[in-house]
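Engineer: I need the structure of the sequence given here:
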Amino acid sequence: MPSVLIAGNNDVFRRSFKEILKMHIPSLSVDKSVAGSEALTKINQSSPDIVFMGIRLPGKNGLELRREIKCLHPNLVISTLSATTFPSTAKSQKNTGWTTSFLKTLLRAPKSLQWWGP
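Structural biologist: Residues are numbered from 1 along each chain as shown. Just a heads-up that it's a prediction; the model follows:
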């Protein structure tokens, strides 16, 4: 069964994003975490297929955590979830090898995510 980890500091968004994913892929196993260290522990324990991760996580930020995860799990797909599109954030993501990002908006589901990338 495919599995996903959603790592982000916003509980409402984590729950909403999980519901959206499950609506489209009912068999998907979805786990959630708040802090960077918790996300890393869950990744090491469950080996998800994809990680959707915020930039502003308690403890380690998403950019630092991504580097650490990629050292341990080089083939793991990690996608950014961000509420901002500042050029400095996009540049930092590009410099750490991120290839996919989703912009969180305040629109209601399922339009609550908009894709943005390089």
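
Engineer: got the CA coordinates for stretch 70-84 in CSV?
Structural biologist: The C-alpha trace of stretch 70-84 is given here as CSV (Å, rounded to 0.1, in the frame of the first residue of the first chain):
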residue,chain,number,x,y,z
LYS,A,70,18.4,12.9,1.6
CYS,A,71,21.7,11.7,3.1
LEU,A,72,19.9,8.8,4.8
HIS,A,73,17.2,8.2,2.1
PRO,A,74,18.6,9.5,-1.2
ASN,A,75,15.7,8.1,-3.3
LEU,A,76,12.9,9.4,-1.1
VAL,A,77,10.6,11.9,-2.9
ILE,A,78,10.2,15.1,-0.9
SER,A,79,7.8,17.9,-1.9
THR,A,80,7.6,21.3,-0.3
LEU,A,81,4.4,22.6,1.1
SER,A,82,4.7,26.4,1.6
ALA,A,83,2.4,29.3,2.2
THR,A,84,4.9,31.7,0.6
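
Engineer: Report the buried residues of it.
Structural biologist: Within stretch 70-84, the residues that qualify as buried by neighbour count (16 or more other C-beta atoms under 10 Å) are His73, Leu76, Ile78, Ser79, Thr80, Leu81, Ser82. In short, each C-beta sits where N, CA and C put it, glycine included.

Engineer: from these, which ones fall inside helices?
Structural biologist: The helices in this structure, assigned by DSSP state H, contain none of the buried residues of stretch 70-84.

Engineer: what's the closest of those residues to Asp49?
Structural biologist: Taking C-beta to C-beta as the measure, Asp49 sits nearest to Leu76 out of the buried residues of stretch 70-84, at 8.1 Å.
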